[in-house]
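sequence unknown, structure follows:
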């Protein structure tokens, strides 16, 4: 089956629209995932900052971190601030855990990967952030009275659960994308139909004028066709002139009598 020009243009537009919408949806989803993860991390970072500031206030008075007696109480108060926290730990500068609470809390000594991230970024305001399995780990430092690092706070929450919640929005995004695609499809059909109807009418009229000129006539090019094809009038005049010249030459040619 041979496709018309309008159909070809509409199919090309639909392919371009599908690609553009799919690319936009994927990029929007990835951007939303990063934004949600960073927003949630900021929420938990506030909890960790609160605990580190409370402990740092006691340490700045000259009390050794290991000598604090109410560490467990501080940790429990911070833990109940957000039920999504799966682990909360206080540790010294060697990575030894002094107090911990939560099902995912590490006891004993922090993993080497956590310590490496802590020593690299733990002193910054945003702290260190590292993914460990299906958990996100936030690490913040606790300063001592001499401007050094007495230890730190480690907070964990489930990254898998967070991403599962984000993936739950995919059906809604798919429905929204389908609605946008259908809307663009209808609009493109209308636009192509309106544009191509006028274009095809002008092409048909131009073809009739050229055909009349090749038959030896002197067709008049309407103003709207002249605006559509500015060089058509000159082309028709040249074709008509050559056609008439040829006809005149044939008439003037001597007739041979057998």
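That came through fine. The shown structure was predicted, so the numbers you read here are calculated from the model rather than taken from an experiment. Numbering: from 1, shown residues only.

need the helices for this protein, in chain order.
5-59, 71-79, 112-121, 159-167, 170-214, 223-228, 232-252 (DSSP state H).

between those helices, which one is nearest to residue 135?
helix 159-167 (5.9 Å; CB to CB). All C-beta spots, glycine's among them, are computed from the backbone N, C-alpha and C.

buried residues in that closest one?
159, 162, 166 (16 or more other CB atoms under 10 Å).

let's have the helices of the chain in a markdown table, adding distance to residue 135 and mean pLDDT.
Compiled in a markdown table, these are given as follows (distance: least, CB to CB, whole Å; pLDDT from 0 to 100):
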| stretch | distance to residue 135 | mean pLDDT |
| --- | --- | --- |
| helix 5-59 | 11 | 82 |
| helix 71-79 | 15 | 86 |
| helix 112-121 | 11 | 90 |
| helix 159-167 | 6 | 84 |
| helix 170-214 | 23 | 77 |
| helix 223-228 | 67 | 74 |
| helix 232-252 | 73 | 70 |
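
separation between the most centrally placed residue in the chain and residue 213?
Per CA atoms, centre = their mean, the C-alpha nearest to the average position across the chain is that of residue 27, at 1.9 Å. Using CB to CB, to the nearest Å, we find residue 27 at a distance of 54 Å from residue 213.

what does residue 62 give?
Between residue 62 and residue 213 the computed distance is 105 Å (CB to CB).

more neighbours, these two?
A side-by-side neighbour count of residue 62 and residue 213, using other CB atoms under 10 Å, places residue 213 first with 22 against 9.

residue contacts, the more buried one?
Residue 213 is in contact with 219, 236, 239, 240, 243, counting by CB atoms under 8 Å, 6 or more residues apart in numbering.

closest one of those residues to residue 13?
For the contacts of residue 213, the nearest to residue 13 is residue 236 (33.7 Å; CB to CB).

for residue 36, give me its contacts.
The contact partners of residue 36, by CB under 8 Å, 6+ apart, come to 162, 166.

run the last query once more with 10 Å
By CB atoms under 10 Å, 6 or more residues apart in numbering, the contact list for residue 36 reads 162, 163, 165, 166, 169.

one more: residue 161?
Contacts of residue 161 (CB under 10 Å, 6+ apart): 84, 86, 134, 135.

distance-wise, check the first one relative to residue 136.
When CB to CB is the yardstick, residue 84 and residue 136 sit 11 Å from each other.

report the buried residues of stretch 134-143.
Those would be 135, 136, 137, 138, 139, 140, 141, 142, 143, for stretch 134-143 by 16+ other CB under 10 Å.
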